[in-house]
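Enquirer: sequence unknown, structure follows:
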């Protein structure tokens, strides 16, 4: 059976969940790339002041020696002070927890946040590190040989594709 996920419907649920997690002084930071798309849209749809941030896991990945800079995409852009901030970290898919670990390390390179809370569109289980989302719009199970990839079209609409892992 082919997994069918309505990413737009899940985004509506994520928006509701993120609204409940926000504090008056929270800032959104999206993990490159799918999480950055979601953070950008949430910032706009929730009418939040200021700008959202984008963070890359590239330089802190535990597989950097295998992937190198060739896999680098999206540079970290944090248009606000990290020290003392309440960071609401947004990602598309939570799987092993390794990307979240790398991103938290990257955040601490920029300062010491007061708190970091994670919200994801989909939690697919399979954790290898003790990472958990405070909110996930859906939980799914996929074989380890498959990857759940968020895509975005020119109009900003999002969808999921299930691909065989490399």
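Expert: Good, I have the coordinates. None of these values were measured; they are calculated from a predicted model. Numbers count the residues shown, from 1 in each chain.
Enquirer: Which residue is the nearest non-sequential neighbour of residue 31?
Expert: Counting by C-beta to C-beta, 6 or more residues apart in numbering, residue 31 lies nearest to residue 91, which is 4.3 Å off, once chain neighbours are set aside. To be clear about C-beta, it is placed using only N, CA and C from the backbone, and glycine gets the same treatment.
Enquirer: What does the nearest residue to residue 46 once chain neighbours are set aside show for phi and psi?
Expert: Distances taken as C-beta to C-beta, 6+ apart put residue 19 closest to residue 46, at 6.1 Å, once the chain neighbours are dropped. In terms of degrees, to the nearest 10, the main-chain angles of residue 19 are phi -60, psi -40.
Enquirer: What distance do you get for the closest residue to residue 22 other than its chain neighbours to residue 11?
Expert: Excluding the flanking residues, the one nearest residue 22 by C-beta to C-beta, 6+ apart is residue 88, at 6.5 Å. Distance of residue 88 to residue 11, given as C-beta to C-beta, to the nearest Å: 15 Å.
Enquirer: Same drill for these two, tell me which one is more crowded.
Expert: A count of neighbours by other C-beta atoms under 10 Å puts residue 88 above the other of residue 88 and residue 11, at 25 against 21.
Enquirer: Just name the shakiest helix or strand of the protein by mean pLDDT.
Expert: Lowest on mean pLDDT, DSSP states H and E among the helices and strands of the chain sits helix 64-67, with a mean of 55.
Enquirer: Just after that one, pick out the following helix or strand.
Expert: strand 86-94 (DSSP states H and E).
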